[in-house]
Each structure stands twice: as structure tokens, then as C-alpha cells.
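Undergrad: turn this into a structure:
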Amino acid sequence: MPVDTQHQRGRAPRGAAGFTLIEVLVVIVILGLSIALVVSRGPARSVGLDIEGAAGSIAQNLRLARSQAISTDRLVAFTLDPTGRVPIVDGTPGATLAPDVRVTIMTATGGSVRSQPAITFAPDGSSSGGRVILGAGARHLQVLVDWLTGRVNVTDAP
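TA: Numbers count the residues shown, from 1 in each chain. Sure thing, here's the model as predicted:
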């Protein structure tokens, strides 16, 4: 009976599958390069999604201000901080808006002439009225607040 000398010396028998060190290193380098490409691209951003998200956030904050006015039976104001990045309901700041979205409050009583224009809601649900105009790139949306009912709607800006 012949003795397999290769097997006895610690070598794999002929036909045994495996990878060489070079092959493993090449695969690791390729994976590293592909991960670096994905990470260097940064987070996926869409101007359209940013402006829609900001409009939704502002509309939600306006609805919150209206519901607080009704439930607490007092006036509640909605404003933006001086930089226009954070909506404020009754002194409580909300979530910061996307950096590439421009925001302007236009009130029914003279536009954005005051340093901090506000849209106020009365205990009966009515409001001072106004609109919040948002712009990002070529897209413009507006959040309208009806003065009589306090109803909040998001539409395309003209």
C-alpha cells in the first residue's frame, strides 16, 4: 500500500480547494475601495424631498399651534427663529429644517416687515392668517393658513 508523502508533510492533497493569500488580499482591497466610494458620496439628498419635508414639518407645527390654542383656551403663536431654520410653537422650538430650504413667513398684517413675524391662533381655532413660503432650487411650496378657520394647507407656490 503506497503512502501519500504530501499528506504526511502537512500539505493538502491534490485537488483540495482553497484561496491563496494574494487572492484574499485582492478581494479585501476591492471591498475597501467600493466602501470608500459609497462613503465619500455622502448621504443621498434630494432637494424635492427636502422642501416637501420642510413644508410638512411647518404644516404640522402650525396644526400643533392651532390645537394648543383650542385646548388651552389662549392665544398661541407660530414663529421661526431669526435664521429661519427652526419653527417655534408657543416658545418651544421644533426640528431644524434642511439647510438648503429658504423659508419666509408672510402674515396677513403686513408681510415679513416685523423682525419676527408670527401667525397666531385664537382659542376658537381661527388665526391671524398668513402663509409660509418655502423655496429650494427651482421648486417653491407654500403653507397657507386660513384666517377664519385656522385650516392649514400645503400647495405649490405661484
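
Undergrad: what does stretch 96-107 contact?
TA: Here stretch 96-107 makes contact (C-beta atoms under 8 Å, 6 or more residues apart in numbering) with 47, 50-51, 53-54, 57-58, 79-80, 84-87, 112, 114, 117-119, 128-137. Yep, even glycine has a C-beta here, placed from its N, CA and C like the rest.

Undergrad: do stretch 22-34 as well
TA: Taking C-beta under 8 Å, 6+ apart as the rule, stretch 22-34 contacts no other residue.

Undergrad: okay, now Gly48: neighbour count?
TA: 12 (other C-beta atoms under 10 Å).

Undergrad: typo on my end, it should be Phe78
TA: Counted with other C-beta under 10 Å, residues neighbouring Phe78 total 30.

Undergrad: roughly how far does it sit from Ala17?
TA: 68 Å (C-beta to C-beta, to the nearest Å).

Undergrad: do Pro43 as well
TA: Counting by C-beta to C-beta, the gap from Pro43 to Ala17 is 41 Å.

Undergrad: cool, Pro117 as well?
TA: Distance from Pro117 to Ala17, by C-beta to C-beta: 73 Å.

Undergrad: what do you get for Asn61?
TA: The gap separating Asn61 from Ala17 is 62 Å, by C-beta to C-beta.

Undergrad: the two - which one has more neighbours?
TA: Asn61 (24 against 5).

Undergrad: and that one, what element?
TA: helix 47-72 (DSSP states H and E).

Undergrad: so what does that helix touch, helix or strand wise?
TA: strand 76-80, strand 87-89, strand 119-121, strand 130-136, strand 139-145, strand 152-156 (3 or more C-beta pairs under 8 Å, 6 or more residues apart in numbering; DSSP states H and E).
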